[in-house]
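Q: model the following, please.
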Amino acid sequence: MERVQLRTVLRYLIAMAISGLSLGLVSMVEADVGYVPLLLLPAVALVERYAGPGPAILTTTICTLGSLAFINLHPVVHERIHNVTQLGLFPAVACSVLYLMEARRKQKRMVYEHVLELSTLLESMPEAVFVFDHHGRVVNANLPAENLCGCERGGLKGRFFTEIATQLDVQREERPVAPAEMAVARALRGEGVPSESRTLSSPNHAEPLNIVLSANPMRREDGRVIGAILVLRDLTEITQLQRRVADTERHLAIGQMASGIAHDFNNVLNTITQAVALLEMEVERSANERRAYLDMIDRAARAGAEIIKRVREYIRGGTGELGPVEVDKLAAQAIDLTEPMWRKSRAIRVVADLQPVARICANGPDLQRVFANLIINAIQAMPDGGTLTIESEAREGSVLVRIRDTGIGIAPELHKKIFLPYYTTKPHGTGLGLSTAQRTVLAQGGNLTFISEPGKGTTFTITFPAMMASAQEKAA
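A: Numbers count the residues shown, from 1 in each chain. Next comes the predicted model:
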């Protein structure tokens with residue numbers, strides 16, 4: 001800001017200096033040829049061209065006041081000499097005016113070419129782009145922006161950004177955005193908005209759209225904000241694709257557990273079949289004596305229903321709603337769900353040290369799926385066997401769950417990549433397991449970290465803030 005003010009002051013000082021030089025030149029020739037105001041015109045034009053209209057007005061004022069002094073002290077000179085001098089200066093002044101007119105014409109052509117380049121660039125972009133003036137009105141938009149709003153460009157121009165946001169029902173985290181917090185308003189205040197997620201409803205789309213927007217201020221050379229540009233990128237298809245791939249990831253995990261689940265379910269059916277056979281053989285026994293077999297059938301049926309319930313919850317995932325959950329119980333359920341995978345490998349030993357801890361605010365099914373995915377990854381990281389440890393711990397207002405294996409570990413150069421979407425080292429992996437797990441944990445207010453050493457194993461730690469005692473009592 002100080003630099004801009006210094007530059008402005010410098011322009012006015014230059015205007016005053018040029019005005020003084022022009023008046024000095026006029027005073028030098030006035031004694032011989034009289035007062036010639038044409039000599040002052042190039043000074044005004046020069047200042048306007050290179051310093052702007054403000055300094056040019058100052059130059060005009062100074063030259064006018066100086067001319068009044070010359071007129072009062074005007075010496076008597078030969079009229080013919082005076083007229084010839086003015087005529088001789090006319091071509092120089094005319095050339096100056098022509099030069100300035102041509103410079104202004106070139107400037108207009110450059111502006112037109114820049115506008116044309118900008119329009120071509122906007123039309124070539126697949127994202128919806130809006131250009132706003134410093135009042136927040138639309139001055140330009142491209143074809144994707146027209147399609148997004150469901151109206152032609154002429155209907156968009158002149159509309160305030162708040163009107164467009166209301167029409168599209170723009171929301172952040174399922175809540176309307178206050179006008180002062182909208183990206184365009186922040187950009188007009190000089191703030192850059194790099195990438196923020198929004199949902200909106202477009203007249204040309206039946207379902208809400210998931211978008212990422214960016215907004216940046218447009219500035220003059222002096223730093224003053226003269227407008228803002230808003231870019232909206234539709235990520236709906238990508239989001240849907242990620243969900244489908246994530247579903248595939250879950251189904252792959254279910255496929256890996258299918259043989260063990262089938263074995264458990266067969267045990268349930270065998271129990272029921274044998275109990276029914278015994279009941280048929282002992283029809284003459286009393287109801288109290290047959291009650292034991294009926295209880296056996298009931299327990300087996302409940303166990304089978306629990307198996308199916310856990311599998312369905314794993315495939316379907318959570319609703320997204322947060323509530324109080326007990327992570328030690330969720331981790332125990334994840335161990336039970338993945339039991340078929342580690343039980344069939346006698347070389348893998350599972351150690352569960354799940355201490356009762358405070359409840360946390362999270363989505364139970366989603367968090368259970370995270371635990372199951374991390375356990376599956378740990379099992380796959382120990383092809384030759386090892387120890388899998390799952391433990392829970394309370395520490396300084398937080399709840400921690402660690403999933404530790406003694407497998408092959410992760411190379412240091414891969415540490416920055418394992419949470420990237422679609423990055424995988426498995427021959428048939430999708431690369432979304434860990435990225436989805438991290439995104440799920442972060443979205444629920446937790447954190448997912450890891451430490452690993454090649455040849456010694458990996459430890460993943462899920463950390464959540466514990467619910468306060470008052471909140472737990474209220475939730476209960």
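
Q: so L400 sits against A466, correct?
A: No - in this structure, L400 is not within contact of A466 by C-beta atoms under 8 Å, at 10.0 Å. C-beta coordinates here come from the backbone N, C-alpha and C atoms, glycine included.

Q: which residues are common contacts for these two?
A: A394 (C-beta atoms under 8 Å, 6 or more residues apart in numbering).

Q: what helix or strand is P55 on?
A: P55 belongs to helix 53-72 when elements are defined using DSSP states H and E.

Q: could you list the buried residues of that helix?
A: The neighbour-count check on helix 53-72 (16 or more other C-beta atoms under 10 Å) flags P55, A56, L58, T59, T60, I62, C63, G66, F70 as buried.

Q: closest to R220 among those residues?
A: For R220, the closest of the buried residues of helix 53-72 turns out to be P55, at 16.3 Å, with distances computed as C-beta to C-beta.

Q: residues contacting that closest one?
A: By C-beta under 8 Å, 6+ apart, the contact list for P55 reads R11, Y12, I14, A15, V47, E48.

Q: may I have the residues that are in contact with the closest residue to R220 other than its chain neighbours?
A: The shortest distance from R220 to any non-neighbouring residue, by C-beta to C-beta, 6 or more residues apart in numbering, is to I226 (5.5 Å). Going by C-beta under 8 Å, 6+ apart, I226 touches D133, H134, M218, R219, R220.

Q: let me have these in a markdown table, adding pLDDT and neighbour count as columns.
A: As requested, the contacts of I226 are arranged in a markdown table below (pLDDT from 0 to 100; neighbours: other C-beta atoms under 10 Å):
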| residue | pLDDT | neighbour count |
| --- | --- | --- |
| D133 | 90 | 15 |
| H134 | 89 | 13 |
| M218 | 88 | 15 |
| R219 | 87 | 12 |
| R220 | 80 | 10 |
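
Q: those residues in strands, which ones?
A: Using DSSP state E, the members of those that fall within strands are D133, M218, R219.

Q: of those, closest to I418?
A: For the ones in strands among the contacts of I226, the minimum distance to I418 (C-beta to C-beta) is 39.9 Å, reached by M218.

Q: these two touch, right, the closest one and V225?
A: Yes - counting by C-beta under 8 Å, M218 sits close enough to V225 to count as a contact (7.0 Å).

Q: show me where the stretch 351-476 of the chain has helices.
A: Assigned by DSSP state H, counting those that start in this stretch, the stretch 351-476 of the chain shows helices spanning 364-380, 433-443, 469-475.

Q: between the ones you listed, which gets nearest to L188?
A: Checking these against L188 by C-beta to C-beta gives helix 433-443 as the closest, at 30.4 Å.

Q: helices along the stretch 151-300 of the chain, start to end?
A: 153-156, 161-168, 183-188, 236-281, 287-316.

Q: one step back: want to throw the contacts of I226 into JSON lines with distance to I408?
A: As requested, the contacts of I226 are exported to JSON lines (distance: C-beta to C-beta, whole Å):
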{"residue": "D133", "distance to I408": "59"}
{"residue": "H134", "distance to I408": "59"}
{"residue": "M218", "distance to I408": "53"}
{"residue": "R219", "distance to I408": "53"}
{"residue": "R220", "distance to I408": "59"}
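
Q: show the pLDDT at V357.
A: At V357, the pLDDT value in this model is 91.

Q: just D247 next, same as before
A: The per-residue pLDDT of D247 was computed as 66.

Q: again, but for G457
A: Reading off the model, G457 has pLDDT 93.

Q: go on, E191?
A: Per-residue pLDDT puts E191 at 90.

Q: repeat that for Q444.
A: In this prediction, Q444 carries a pLDDT score of 87.

Q: surely it is in contact with N363?
A: Yes - taking contacts as C-beta under 8 Å, Q444 lies within contact range of N363: 6.1 Å.

Q: which neighbours do the two share?
A: Residues within reach of Q444 and of N363 at once, by C-beta under 8 Å, 6+ apart, are L322.

Q: where does the stretch 301-450 of the chain dip in pLDDT?
A: 303, 306-307, 310-320, 340-341, 343-346, 422-423, 426-432 (pLDDT under 70).

Q: try it again with 80
A: Across the stretch 301-450 of the chain, the stretches falling below the confidence threshold (pLDDT under 80) are 301-321, 337-346, 365, 420-433, 435-436.

Q: do a quick rundown of the strands in it.
A: Using DSSP state E, counting those that start in this stretch, the strands of the stretch 301-450 of the chain run over 323-325, 348-354, 360-362, 386-395, 398-404, 447-453.

Q: run through who's touching the fourth one.
A: Applying C-beta under 8 Å, 6+ apart, the external contacts of strand 386-395 come out as 327-328, 331, 334-335, 342, 347-355, 357-358, 371, 375, 378-379, 382, 399-407, 457, 466.

Q: so what strands line up beside that strand?
A: In the sheet containing strand 386-395, its partner strands are strand 348-354 (parallel), strand 398-404 (antiparallel), by DSSP bridges.

Q: next, the angle from the first one to helix 364-380.
A: Between strand 348-354 and helix 364-380, the angle formed by their directions is 150 degrees, by axes from the mean of the first three to the mean of the last three C-alpha atoms, to 10 degrees.

Q: could you export strand 348-354 as CSV, CA atoms only?
A: Listed next in CSV are the C-alpha coordinates belonging to strand 348-354 (Å, rounded to 0.1, in the frame of the first residue of the first chain):
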residue,chain,number,x,y,z
ILE,A,348,-0.8,-65.4,12.2
ARG,A,349,-1.4,-64.7,15.9
VAL,A,350,-4.0,-62.0,16.9
VAL,A,351,-3.6,-60.1,20.1
ALA,A,352,-6.6,-58.0,21.2
ASP,A,353,-5.9,-55.5,24.0
LEU,A,354,-9.0,-53.5,23.9
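
Q: how about it: buried residues?
A: Buried positions in strand 348-354, judged by neighbour count with 16+ other C-beta under 10 Å: I348, V350, L354.

Q: so the last one makes contact with L330?
A: In other words, L354. No - here L354 lies out of contact with L330, judged by C-beta under 8 Å, at a distance of 9.6 Å.

Q: can I get the buried residues of helix 53-72 in CSV with pLDDT and distance to R172?
A: Output for the buried residues of helix 53-72, formatted as CSV (pLDDT from 0 to 100; distance: C-beta to C-beta, whole Å):
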residue, pLDDT, distance to R172
P55, 83, 46
A56, 81, 48
L58, 84, 49
T59, 82, 52
T60, 80, 53
I62, 83, 55
C63, 78, 58
G66, 76, 61
F70, 68, 67
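
Q: farthest-apart pair in those residues, please.
A: Farthest-apart pair in the buried residues of helix 53-72 is P55 and F70; separation 22.1 Å (C-beta to C-beta).
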